[in-house]
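Asks: Dropping the sequence and predicted coords here.
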Amino acid sequence: MHQQPAPSRAHRMIVSLFSCAVVLGQVLASNAAQADTDITISLPGFLNFKMVDSDFDTPTGRVKIKIHGDAVFTDAEDDVLSLTDKIVIQEQRKDHTLRIAYQAERGSVKSVYTVDGREQALDADGKRWLATVIPVILRESAINVEKRIKRIYAKGGADAVLAEIELIHSDYARRSYIVRLPELGRLDDKQLARLLADTSTMNSDFERRTAYVTIIQKQTLNTANQVTLLNGAAKMNSDFEVRTVLVELAPKMGSEAGVGQAWLAAIKGMHSDFEMRTAIVALADHVANPALQIDWLLQASQNLSSDFEHRTVLVEICANMSHPTAAQVAAYAKSAQHISSDFERRTALIALVEKSTLNKDGYVEVLNAVSGMGSDFEIRTVLVAIARQMPADNDLINRYRKVARNLGDFERGQAEKALDHLI
């Protein structure tokens, strides 16, 4: 068999470059709405460089920055300390264009400063310009963010970092600072409220979700801050991102009424039954206060359109409904009646009968929930499950037989036979 020759190094290099170009195009497209683009490209064995290409407005004009390679700025944020390739900074002001180009050269950094295209020495005005523009560049591009945020924190604590965050316009850069602040120490309730408010201003659902998840993981939120976070999540457009936040919060979610209302609003705003079901089940798995949280779960279940997802949620809720209130049983039965599939409704109703302790009124609610089902087999299956659990109460038995009376002969006979142990 003829074997294809192994690809040459040059061929592999071309393929790697093409792959890199495709990935780069995807990254640029996904960040089209951002003011900055911070891209790291690596081709094993061939190329490894960092490129920043940003432009943004400042109080004095429009700044453009291009960075190739790794750059380190002075702690005073007024000059470039070291560089592996080159940097170009330009600000277009109303009356002037200021530009400085840095180039790595034999272990040192060379610079060329121009005003309106004319080269000149970096004078006091130029140095003041750099001291003004470099902090903006660092802030908006998130360059050296880890070292920079620690430096700001060391000088002024969390409040200083929060003040810096509030100056950032780019969602990417703002998120880069927000996710690192909770890792530096415990924030008090006021600082957390401020951080959540800063997070809510971001337009990108991805950036906002990433920030929310980090805050939940690294900090302890009081009731008011949980409400703020949930209100912010509810305004996100992506069901995936909303669900991710709700799942992360579920084990720590409070049971205060305001938290429940905000959680329900976030659930109601979702469109995907899968994402909604996943979020509801996450809370069902971490119920801390059944008296309140079961009510929220049952109310949320009625937003589901998919019979499968709806039934799945109700069965999960049953795991925490061993001793439900009359109102909870009624709410469960009402929710089950919204399920069109006889199979799925039957499964949900039997779960309630077998996993919960029901009184007479509870069994009546289940019998009422059978109404609307078309399959005699599914109705009989529910009735038999009820007969095995219900008390020997004449009124309840009569109600049971009234439902069974509408079944075909065989199914009715099976349902009646299930009552024998009660008579």
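Replies: That came through fine. Just so it is clear, the model here is predicted, and its values are computed rather than measured.
Asks: Number of residues surrounding the closest residue to Gly260 other than its chain neighbours?
Replies: With sequence-adjacent residues excluded and distances taken as CB to CB, 6 or more residues apart in numbering, Gly260 is closest to Trp296, at 4.6 Å. From N, CA and C alone the C-beta is placed, and that goes for glycine too. For Trp296, the count of nearby residues is 23 (other CB atoms under 10 Å).
Asks: can I assume Asp78 is in contact with Leu130?
Replies: Yes. Between Asp78 and Leu130 there is a contact at 5.4 Å, judged by CB atoms under 8 Å.
Asks: Looking at these two, which one has more neighbours?
Replies: Of the pair Asp78 and Leu130, Leu130 is the one with more neighbours under other CB under 10 Å, namely 23 against 16.
Asks: Helix or strand: which one has that one?
Replies: Leu130 belongs to helix 124-141 when assigned by DSSP states H and E.
Asks: helices and strands around that helix, which ones?
Replies: With contacts taken as 3 or more CB pairs under 8 Å, 6 or more residues apart in numbering; DSSP states H and E, helix 124-141 sits against strand 36-43, strand 47-57, strand 61-68, strand 86-93, strand 97-105, helix 171-178.
Asks: Would you mark the buried spots in it?
Replies: Going by neighbour count (16 or more other CB atoms under 10 Å), the buried part of helix 124-141 is 126, 129-130, 133-141.
Asks: can you pull the contacts of Pro290?
Replies: By CB atoms under 8 Å, 6 or more residues apart in numbering, Pro290 lies in contact with 320-321.
Asks: about what we covered before: and the average pLDDT for the helix or strand where the residue nearest to Gly260 lies is what?
Replies: Assigned by DSSP H and E, Trp296 belongs to helix 290-301. In this model, helix 290-301 has an average pLDDT of 95.
Asks: for stretch 348-359, same thing?
Replies: Rounded mean pLDDT across stretch 348-359 is 96.
Asks: chain center to that stretch: distance?
Replies: 34 Å (CA atoms, centre = their mean, to the nearest Å).
Asks: Which residues does it contact?
Replies: Contacts of stretch 348-359 with the rest of the structure, by CB under 8 Å, 6+ apart, involve 310-311, 314-315, 318-319, 321-324, 326, 329, 332-333, 336, 339, 362-363, 366, 369-370, 381-382, 385-386, 389-390.
Asks: List the buried residues of the one helix or strand Ala351 maps to.
Replies: In the assignment (DSSP H and E), Ala351 maps to helix 342-355. For helix 342-355, a neighbour-count test (16+ other CB under 10 Å) marks 342-353 as buried.
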